[in-house]
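S.K.: A structural model of the following input is requested.
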Amino acid sequence: MKRSVVITGLGPICSIASDAPSFQIAVSSAQRSITPIESFDPSAFRAQLAGQVTEPNIRDMVPKPYRKATKVMARDTELAVIAAKAAADDAGLKTRGSEDDDSGFTIDPARSGCNIGAGLIACDTAELSRAVATAANDDGSFSDSKWGTIEPGSAGMNNLPPLWLLKYLPNMLACHVTIIHGLEGPSNTIMGAEAGALLSIGESMRIIERDDADLCFAGGAESRVNPHGLLRWELSDKLATATTADDPADSCKPYDPSSQGCFLGEAGGMLVIEEATHAQNRNARVYATLAGFAATQSLTPALPIFDDEPTDSDEGLERAITNALKDANLTPGDIDIVYPLAVGIPELDAREAGAIESALGPRADQIPWITLTDKVGNTLAAHGAIAAAAAALALSSQTIPDSPTRSPSNPPNELRNALVCTPSLAGQCAALVLSR
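M.R.: Next up, the predicted model:
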């Protein structure tokens, strides 16, 4: 018999919150935080708004001896480290990243794992530009030979900062989190776009179920709120157009055919999940049980790689939901609340809604659908963990957030089970069932 897995710590770091209590308040009251971009001048872009994390500071979230390492952390890594610290504190853990006078349950490093969803980390524009400028021809055009093939010491690429590449490897998120907290069990990095965090939570769940660990840090982090990330998304024509004077609610409208697209958001979402008896023995607070999980790949993703025509329903997501319910030994009638992706891209939203409706049948119209991307932006690899945290808090507090995006006339009186599901623009799909 597989071991039961529960959630004991939440680290939802996004534009509306920096810890679990503030996140619960913000989600319950349907707060929004899509604001003018402040980290660089966005005036050259059509999309000038995003969900931004303003606190806490990374140096305050790592042990003092480790603060030098923050110089080689990209923004994505910072968000993962901050979220992991918040989750560890919320779970009442004492790890290698704790201060000497901190109290808490001391983890067993060899029985503690880590799986984090990550994206393709964008380079710091200033760092890269300074080096590129030294590899120019006389007319100002870029020279391949001056960039990397002339005498050692004078090539343009040698003008990148020392250890430059170590900032931008996707596995650096898990690398820093495992080093800081002394997590010596199974560890992995999963790049699954918007599905990345759920895939990582599912992997951690399976690790604990098969007795390869007692505890795991699981989730994801990503930030595309930078010139490179914003440009790539704007060229894909998937972003809503809005200046700093516009109301984002007028542009990004989940499940509305008139929606212009999504806004980007940066976030770090991390959960501490544990084997149920392990959590019970240390008197841990339990938010919810991870009852079922499944992952699939759509053959016709929202951004077709070949010449396939997108279908009306995402068959991959439908299979993921159906299989997650089967894994949890539940039926569609057992689900009381849904946390989907719903990025505000009409073609993706329509296919996602079709998949949820097909998988849940009539139950889909009888329960509330809670969306987050219209409130914090599309947080990509972090989304599934942020949504799972919101679902766990709803189950724990028995509270349905205000103003669901899709609201039934007679909402459930009791929240027994929640469905968190997400497709992705590239076709990866994941579904997670949480139980009270």
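S.K.: what average pLDDT does the helix or strand harbouring A26 get?
M.R.: Element membership for A26 (DSSP states H and E) is helix 20-28. For helix 20-28, mean pLDDT is 95.
S.K.: packing partners of the helix or strand that comes right after that helix?
M.R.: Note on helix 20-28: by DSSP H and E, the next helix or strand toward the C-terminus is strand 35-36. Here strand 35-36 touches strand 49-51, going by 3 or more CB pairs under 8 Å, 6 or more residues apart in numbering; DSSP states H and E. (Each C-beta comes from the backbone N, C-alpha and C, glycine too.)
S.K.: show me what the helix holding A26 is packed up against.
M.R.: strand 5-13, helix 383-397.
S.K.: any buried residues in stretch 178-190, and which?
M.R.: By 16 or more other CB atoms under 10 Å, the buried positions in stretch 178-190 come out as T178, I180, H181, L183, E184, G185, P186, S187, N188, T189, I190.
S.K.: and A418, which of the three is it?
M.R.: Secondary structure assignment for A418 (DSSP: H, G, I helix; E, B strand; the rest coil): strand.
S.K.: that one pairs with what?
M.R.: Following DSSP bridges, A418 is listed with bridge partners I337, L434.
S.K.: helices of the stretch 251-400 of the chain, residue ranges please.
M.R.: All helices of the stretch 251-400 of the chain, identified by DSSP state H, counting those that start in this stretch, fall at 276-281, 315-327, 346-360, 373-376, 383-397.
S.K.: any chance of these in JSON lines with distance to D139 as columns?
M.R.: Output for these, formatted as JSON lines (distance: least, CB to CB, whole Å):
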{"stretch": "helix 276-281", "distance to D139": "65"}
{"stretch": "helix 315-327", "distance to D139": "49"}
{"stretch": "helix 346-360", "distance to D139": "43"}
{"stretch": "helix 373-376", "distance to D139": "44"}
{"stretch": "helix 383-397", "distance to D139": "44"}
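S.K.: helix or strand right after the lowest-mean-pLDDT helix or strand in the chain?
M.R.: Every helix and strand of the chain was ranked by mean pLDDT, DSSP states H and E. The lowest is helix 144-148, at a mean of 85. Next along the chain after helix 144-148, taking DSSP H and E as the criterion, comes helix 172-181.
S.K.: how about residues contacting that next one?
M.R.: Identification of contacts with helix 172-181 by CB atoms under 8 Å, 6 or more residues apart in numbering yields 62-63, 66, 69, 73-74, 76-77, 80-81, 84-85, 88, 95-97, 107, 112, 114-116, 118, 121, 166, 169, 183-184, 187-189, 217, 221, 270.
S.K.: roughly how far is the following helix or strand past that helix from the heart of the chain?
M.R.: With elements assigned by DSSP H and E, the helix or strand that comes after helix 172-181 is strand 187-190. Offset of strand 187-190 from its chain centre (CA atoms, centre = their mean, to the nearest Å): 14 Å.
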